[in-house]
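Novice: Fold the following.
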Amino acid sequence: MNEQKKKPRRSIPFVKYYLELSYLFSPEESRFIMHMTDIEFLKKSGYQTGWSKKEYVKRMGLSEYSFDKSVERLQKMGLLSRTHNSLGNKVFYSFNMDLYNRLVEILSVTCDIDKLIAFCNANFIEQSRSIESITGQEINDLGTCNGKKKIHPTALHSF
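Specialist: Next up, the predicted model:
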């Protein structure tokens, strides 16, 4: 009996979106982040991702204004870095996945949306704090309400 070899199935690319990001980022910034996480995956898989700015804008489906605003905001937060090739006609963006994962963990620590929004506004908008500057104690406090833990069921770690 001839056994047919199973062909490996092609996986469909997708990016997981963490809902808590919507309390910190605009829809355009969220879209930018989703594309950057995919681009980081492509880089790790050996794909060439040194495109022109025009190509990045086209691939992300953003206006040039939204793209520039997203780059500016994510660079300030330390999530994104940008370099150019020697000719200056291609740009290389690097998305800091370790820092992004830490941010996701911070934002996922509570089910209390009001507390999360206030935390994001106070720390990341008003004070322009870096993600790294958020302490374990602050994360634990975010996950506590009236002295009781209100940890989101998807929270990965205890801080």
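Novice: And residue 106, how far from residue 39?
Specialist: For residue 106, the distance to residue 39 equals 23 Å [C-beta to C-beta, to the nearest Å]. The C-beta positions use only the backbone N, C-alpha and C, and glycine is treated the same way.
Novice: neighbour count winner among the two?
Specialist: residue 106 (24 against 20; other C-beta atoms under 10 Å).
Novice: Doesn't that one lie inside a helix?
Specialist: Yes: the assignment for residue 106 by DSSP: H, G, I helix; E, B strand; the rest coil puts it in a helix.
Novice: residues contacting it?
Specialist: Taking C-beta atoms under 8 Å, 6 or more residues apart in numbering, we find residue 106 in contact with 131, 134, 139, 142.
Novice: Where does the closest residue to residue 21 other than its chain neighbours sit: helix, strand or coil?
Specialist: Spatial nearest neighbour of residue 21, excluding adjacent residues (C-beta to C-beta, 6 or more residues apart in numbering): residue 30 at 5.7 Å. State at residue 30, reduced to three classes by three-state DSSP: helix.
Novice: Is it correct that residue 30 is in contact with residue 23?
Specialist: No: shown here, residue 30 and residue 23 do not form a contact pair, counting by C-beta atoms under 8 Å, at 10.5 Å.
Novice: Find residues that contact each of those two.
Specialist: Counting by C-beta under 8 Å, 6+ apart, nothing touches both residue 30 and residue 23.
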